[in-house]
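Visitor: starting from these lines, generate the structure:
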Amino acid sequence: MNLRKRLRETSEPHTSALNDILFILLLFFLIISTLANPNVIKLSIPKAKSDTKAKQTVVVSIDPEQHFFVGTHATNADSLQSAIQQVVARSQDAEPTVIINADKKAEAESIVAVMRAARALNLRTVLAIDKEGK
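Guide: Predicted coordinates for the structure are as follows:
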């Protein structure tokens, strides 16, 4: 009969590499959290190194009395889309652009009408402004 106490060895997992793994994970999540900010509004801001103008395919002007001019030809709001389409078809540019020259007293509804007509034709629109802000 064996009455001696047996020495039982308890098994322990090796945790020496666990500290390294946790440090790497912590570093990874800190870097990712600074890059991904959900409260940021993404805007496409135009950038230019010099004061150059985009090629003007179609210029639509709106005077204070809400009259539309495609180029130098007067047109009404109903035929605005067809007038823009005719000028674009004649120019045959790769990326046609509609430049909107609106008077200060032009109503927002008139400007939006030009933008809707250009959007229906899948054209880019640019609103021309006074550089000095007068």
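
Visitor: and V87, how many neighbours does it have?
Guide: 17 (other C-beta atoms under 10 Å). Yep, even glycine has a C-beta here, placed from its N, CA and C like the rest.

Visitor: what of the one 5 residues further on?
Guide: Q92 is surrounded by 8 other residues when neighbours are defined as other C-beta under 10 Å.

Visitor: which secondary element of the protein has the worst mean pLDDT?
Guide: Lowest by mean pLDDT, DSSP states H and E among the helices and strands of the chain is strand 124-128, with a mean of 82.

Visitor: can you pull out the low-pLDDT segments for the chain?
Guide: Where the chain drops to pLDDT under 70, the residues are 1-8, 36-56, 129-134.

Visitor: circling back to that earlier point, ok, and what's touching the least confident helix or strand of the chain?
Guide: With contact meaning C-beta atoms under 8 Å, 6 or more residues apart in numbering, strand 124-128 is reached by 54, 95-102, 111, 114-115, 118-119.

Visitor: buried members of the residues you listed into ChimeraX, please.
Guide: Here is the ChimeraX selection string for the buried members of those, based on 16 or more other C-beta atoms under 10 Å:
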select :96,97,98,99,100,101,102,111,114,115,118
